[in-house]
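A.B. asks: What would the 3D arrangement of this be:
(one chain, ligands or ions: 2)
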Amino acid sequence: MVKPVTHVLFDMDGLLLNTEDLYTVAFQNILSPYGKEYTFDLKLKLMGTQSQETARAIVSELKLPMSPEEFIIESKKQFEVLFPDSSLMPGAKRLIEHLHKKGIPMGLATSSSEESYHLKVHKHHQEIFSLLPFKTFGSSDPNVKKGKPHPDIFIVAASKFPDHPKPEQCLVFEDAVNGVKAAKAAGMQVVMVPDPRVDKSLTEEATLVLQSLEHFKPEIFGLPPFED
Ligand SMILES: O=c1[nH]cc([C@@H]2O[C@H](COP(=O)(O)O)[C@@H](O)[C@H]2O)c(=O)[nH]1
Ligand SMILES: [Mg+2]
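C.D. replies: Ligands and ions are numbered 1, 2, ... in the order given. As a prediction, the model looks like this:
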């Protein structure tokens, strides 16, 4: 059953920005010289995790001849080239602008670091992200002890709203299976917009599954409807 909400929390990578595709390119660029492949199965396990965890898992799963620290250094070089030209996902701008106009409190709950956030947002997307005033960076925030699928990030993100909403008042938007699990574990409802390669059986925990943010109808969750 769907219940009305008052506050909204957005994931970033793969939900608001096309940066999941860019992570795939970045990691594959590092792996190709070693003849290794960043498969979607491995990606699925890592989407939404904290960056240290990501590096450790890739190095160990693919038996790379480098340390996780070296992998992080190589990743940063790739990110500096790829992230500044990230694009907004379809429907993201319209939805955020609409909820802002209607005075709905909104926050960002991304597992990426603050440094990585700036690379992704600084050049093209500052205006739209300024409409999400309450931001939590899971790989930089000491209060986020464990990455998604653990609930920490959404609990910390909700605590930043000045009126301290209860978890059931918050609606989370996520693309990743780990993100949906994290939001549910925090006691929140979740709209999932998964990568089309995600098996349907892995989307069942979400409150609602959409192909695109463009299909979201705010009134389903008691939020003001679009007027155009
Ligand atoms: O292919 C991947 N994409 C994304 C991640 C991780 O997911 C985080 C982004 O998560 P979110 O969707 O919560 O912003 C990144 O910081 C990165 O560590 C990953 O490990 N592998
Ligand atoms: Mg995501």
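A.B. asks: thinking Ala182 is in contact with Gly48, fair?
C.D. replies: Yes: proximity of Ala182 to Gly48 meets the contact threshold set by CB atoms under 8 Å, at 7.0 Å. C-beta: built from backbone N, CA, C; applies to glycine.
A.B. asks: between the two, what contacts are shared?
C.D. replies: 148-149, 174 (CB atoms under 8 Å, 6 or more residues apart in numbering).
A.B. asks: Return the residues of this protein in contact with ligand 2.
C.D. replies: Selection of the chain residues close to ligand 2 by CB under 5 Å from the ion yields 11, 13-15, 175-176.
A.B. asks: switch the cut-off to 6 Å
C.D. replies: By the rule CB under 6 Å from the ion, the part of the chain lying against ligand 2 is 11, 13-15, 47-48, 175-176, 179.
A.B. asks: Go ahead and confirm Leu82 touches Ala26.
C.D. replies: Yes: counting by CB under 8 Å, Ala26 is a contact partner of Leu82 at 5.5 Å.
A.B. asks: So for those two, which residue has more residues nearby?
C.D. replies: Higher neighbour count among Leu82 and Ala26: Ala26, with 22 against 18, using other CB atoms under 10 Å.
A.B. asks: Show me the helices in this protein, by range?
C.D. replies: Using DSSP state H, the helices of the chain run over residues 19-31, 40-46, 51-61, 68-82, 92-101, 114-121, 126-129, 152-159, 177-185.
A.B. asks: who does the longest one touch, helix- and strand-wise?
C.D. replies: For helix 68-82, the helices and strands in contact under the criterion 3 or more CB pairs under 8 Å, 6 or more residues apart in numbering; DSSP states H and E are helix 19-31, helix 51-61, helix 114-121.
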